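Trainee: I'll drop the sequence and a predicted model, then ask my questions.
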Amino acid sequence: MAEHHNAPEHVHGTMDIAEHEKMFAAFMKFWVYLFGASILVLIFLALFNS
């Protein structure tokens with residue numbers, strides 16, 4: 001199996017997660033906008049009986 005003899009020792013709490021937090025915020029913003037657009041399309045279809 002894969003063995004990692006030369007991997008550095010992980011120290012809990014030392015990883016910089018700023019980039020992860022920015023990506024997660026962008027991911028959530030995308031889904032909020034997509035959900036809002038879907039609601040607007042449904043309202044449009046309901047109003048104009050398409």
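Mentor: Nice, I can see it. Numbers count the residues shown, from 1 in each chain.

Trainee: count of neighbours near residue 30?
Mentor: Counted with other Cβ atoms under 10 Å, residues neighbouring residue 30 total 10. Where you see a C-beta, it was placed from the backbone N, CA and C, and this is true even at glycine.

Trainee: So which residue is dead centre in the chain?
Mentor: residue 27 (2.9 Å; Cα atoms, centre = their mean).

Trainee: any idea of the pLDDT on that one?
Mentor: Note on residue 27: pLDDT of 98.

Trainee: and what of the one 5 residues further on?
Mentor: Per-residue pLDDT puts residue 32 at 98.

Trainee: cool, and the one 5 residues further on?
Mentor: For residue 37, the pLDDT comes out at 98.

Trainee: quick one, phi psi at it?
Mentor: Backbone geometry at residue 37, expressed as degrees, to the nearest 10, gives phi -60, psi -40.

Trainee: What is the neighbour count of residue 12?
Mentor: Neighbours of residue 12 using other Cβ under 10 Å come to 5.

Trainee: Can you tell me the element it falls in?
Mentor: Using DSSP states H and E, residue 12 is not contained in any helix or strand.

Trainee: still on that earlier bit, from residue 7, how far out is the residue nearest to the centre of the chain?
Mentor: Distance, residue 27 to residue 7, using Cβ to Cβ, to the nearest Å: 29 Å.

Trainee: what does residue 17 give?
Mentor: Distance from residue 17 to residue 7, by Cβ to Cβ: 20 Å.

Trainee: same thing with residue 21?
Mentor: From residue 21 to residue 7 the distance is 25 Å (Cβ to Cβ).

Trainee: Compare neighbour counts for these two and give me the winner.
Mentor: residue 21 (10 against 7).

Trainee: Is that one in a helix, a strand, or coil?
Mentor: What DSSP: H, G, I helix; E, B strand; the rest coil gives for residue 21 is helix.

Trainee: What score does it have for pLDDT?
Mentor: Residue 21 is given a pLDDT of 96.

Trainee: same check, this time on residue 42
Mentor: Reported pLDDT for residue 42: 95.

Trainee: before we move on, what about residue 18?
Mentor: 93.

Trainee: before we move on, back to that, does the residue nearest to the centre of the chain sit in a helix or strand, and which one?
Mentor: helix 18-48.
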